[in-house]
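*Asks:* let me see the structure of the following:
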Amino acid sequence: MTTANMRENEPSSKRVKPLSRVTSLASLISPVKAAPLKRIGQTLQRSISFRSDCRPWGRQIAPAITKRRDSKLWSETFDLGLGHMLSSTEIKRQEAIFELSQGEQDLIEDLKLAKKAYRDPMLKLSIMTEHELNQIFFTLDSLIPLHEDLLSRLREARKPDGSTDHVGHILVDWLPCLETYNSYCSNQVAAKALLDHKKQDHRVHDFLQRCLESPFSRKLDLWSFLDIPRSRLVKYPLLLREMLKHTSNDHPDRQHLDEAMNMIQSIVADINTQTGESECRYYKERLLYLESGQRDLLIDSSRILSCHGELKNNRGAKLHVFLFQDVLVVTRAITQNEQLCYQLHRQPIPVRDLEWEDLQDAEVRLGGSIRGAFSHSERIKNFFRVVFRSGGQLQTHCFQASDAFNKQQWLNCIRQAKEAVWSAECGAAQTACQDRARPQHDAQNHSDMLICCSRNISDYYQCCF
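*Replies:* Below you'll find the model as predicted:
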């Protein structure tokens, strides 16, 4: 399961474990938490798995020399003979501007590489159909001219000595172009699912493996390149924040940089929302109901998928759990018509009625012994329990996360989901109370409402009505 608290780094020359040491998907899945832009990238990146036992040919390839990308500082390009002495603050400002420009150049090179080294050869060799490639690469090509335009503007603004006086006005004029990222980011979940499915084809797997072992890839797989636009998008606020940090309030560029910061934050927030809704729709469409009674309006009305991921029950069976904004859904992952789907396991659990408990390692008092289900104490770690009581029915699930961090993310997501439901219901009830109280005893009822807001939601309703 992935979380929103993620630092985005654009792929460069990072080290990658040898093929034989790459961990399987099952051990890497962790809760997926908003914001979606970060969540999707993190989840998808961590779900990549190449299995050494499924390589179609037993060929041995000598280790290739990894092509590393050169990195340099702005100070290395500054011409002291043409320029003047700069303060340490101005040097840091110039470094931030240079990092923006250099990042655009790297991004353009990687997007072109994805097309030239992956998409075009797979199309030419009929490794995938044009329709499949269009689904996976989507609008990647259309992003290249956008960033070429920004890079060109930044270079034109650079003075002969290598310094740049103003970039704010350039960004204010250019940033609206990023709205085109909406469709690309919203398609990422479907693109990743199709790519993972196609990797089961030995021709696709072999081609991608050859690319991974080639110097041009810098040990990055195809998805790393496809995920670069999203990674770059969430980095713009960080770059602008760094520029603002080293731009004084009376600097001529300050006002435009402030405006650009507000713009990019709004753009990223909007794309976050639309990407999250797209992800939510994607998984709702892949839920399989064994019986009509499992269908729930809370699922149908959900627009937010707070988190999801693979968990094990106390018998070691793998389950895929979805926490939508108002309902928890426990499923089993199955393949139907060559597509990964999620078959509901028992009834959906409304978040407002869900109870949860953090279980200590080696916990045995669960209304049944977990210890008895495992032979070694080290295997009974990272459990938590959710309970749902409805009438005379009791539904209990004991879930095991892959590690302590994963477990904590699940608990945080559940806690936040319950708080959100509480807040929404409390707000609605308070509004209703105010509407009822206003015509009669305004002052007294206002006091009553403040008191009953501190009680639980059921008492609150009783107090108001």
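*Asks:* quick check: which element contains the residue lying closest to residue 358 once chain neighbours are set aside?
*Replies:* Of all residues not flanking residue 358 in the chain, residue 384 sits nearest, at 5.4 Å (CB to CB, 6 or more residues apart in numbering). Backbone N, C-alpha and C define where each C-beta goes, glycine included. Secondary structure from DSSP states H and E places residue 384 in strand 383-390.
*Asks:* now the helix or strand just after that strand and strand 383-390, what's the angle there?
*Replies:* Counting by DSSP H and E, the next helix or strand C-terminal to strand 383-390 is strand 393-400. Orientation check (axes from the mean of the first three to the mean of the last three CA atoms, to 10 degrees): strand 393-400 against strand 383-390 gives 170 degrees.
*Asks:* tell me the buried residues in strand 393-400?
*Replies:* For strand 393-400, the neighbour count (16 or more other CB atoms under 10 Å) marks 397-400 as buried.
*Asks:* rewinding a little: run me through the strand neighbours of the strand holding residue 384, direction for each.
*Replies:* Sheet neighbours of strand 383-390, with direction, are listed as strand 354-358 (antiparallel), strand 393-400 (antiparallel) (DSSP bridges).
*Asks:* ok so, going back, ok, now which ones touch the residue nearest to residue 358?
*Replies:* By CB atoms under 8 Å, 6 or more residues apart in numbering, the contact list for residue 384 reads 356-359, 398-399, 401, 407, 410-411.
*Asks:* biggest strand in the chain by residues?
*Replies:* strand 327-336 (DSSP state E).
*Asks:* which strands and helices sit next to that one?
*Replies:* In terms of contacts (3 or more CB pairs under 8 Å, 6 or more residues apart in numbering; DSSP states H and E), strand 327-336 is packed against strand 287-288, helix 297-300, strand 318-324, strand 339-344, strand 349-350.
*Asks:* so which of the buried residues of strand 393-400 is the closest to residue 259?
*Replies:* residue 399 (46.5 Å; CB to CB).
*Asks:* just list whatever residues bridge to that closest one.
*Replies:* residue 384.
*Asks:* what distance do you get for it to residue 157?
*Replies:* Note on residue 399: its distance to residue 157, by CB to CB, to the nearest Å, is 54 Å.
*Asks:* picking that back up, out of the strands paired with strand 383-390, which is closest to residue 317?
*Replies:* Distance to residue 317, taken as CB to CB, is lowest for strand 393-400 among the strands paired with strand 383-390, at 10.2 Å.
*Asks:* mind pulling up the pLDDT for residue 127?
*Replies:* pLDDT, residue 127: 96.
*Asks:* let me fix that, I meant to ask about residue 315.
*Replies:* 85.
*Asks:* what helix or strand is it on?
*Replies:* Using DSSP H and E, no helix or strand contains residue 315.
*Asks:* and the chain, what are its domains?
*Replies:* Domain assignment for the chain, taken from automatic domain parsing, gives 19-56+63-284, 297-465.
*Asks:* shaky segments in the stretch 351-465 of the chain?
*Replies:* The model of the stretch 351-465 of the chain has pLDDT under 70 over residues 362-379, 427-465.
*Asks:* hmm, residue 356 is touching residue 411, no?
*Replies:* Yes - look at residue 356 against residue 411 with CB atoms under 8 Å: they come within range, at 6.9 Å.
*Asks:* give me the spatial nearest neighbour of residue 157, chain neighbours excluded.
*Replies:* Of all residues not flanking residue 157 in the chain, residue 164 sits nearest, at 5.3 Å (CB to CB, 6+ apart).
*Asks:* for residue 190, see how far away the one you found is.
*Replies:* Counting by CB to CB - residue 164 and residue 190 are separated by 40 Å.
*Asks:* tell me which of these two has more neighbours.
*Replies:* For residue 164 and residue 190, the more surrounded residue by other CB atoms under 10 Å is residue 164, and the numbers stand at 20 against 17.
*Asks:* thinking again about what came up before, correct me, but the residue nearest to residue 157 touches residue 95?
*Replies:* No - with contact defined as CB under 8 Å, residue 164 does not reach residue 95; the gap is 11.0 Å.
*Asks:* for the helix or strand residue 229 falls within, the averaged confidence score.
*Replies:* Per DSSP H and E: residue 229 is located in helix 228-233. Averaging pLDDT along helix 228-233 gives 95.
*Asks:* using PDB, write out every CA atom in that helix.
*Replies:* Taking C-alpha atoms only, helix 228-233 is exported to PDB below (Å, rounded to 0.1, in the frame of the first residue of the first chain):
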ATOM      1  CA  ILE A 228       8.300  10.400 -15.600                       C
ATOM      2  CA  PRO A 229       5.600  13.000 -16.500                       C
ATOM      3  CA  ARG A 230       3.700  12.500 -13.300                       C
ATOM      4  CA  SER A 231       6.900  12.500 -11.300                       C
ATOM      5  CA  ARG A 232       7.900  15.800 -13.000                       C
ATOM      6  CA  LEU A 233       4.500  17.400 -12.400                       C
END
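*Asks:* can you name every helix or strand that it contacts?
*Replies:* Applying 3+ CB pairs under 8 Å, 6+ apart, one finds that helix 228-233 contacts helix 36-46, helix 88-113, helix 181-186.
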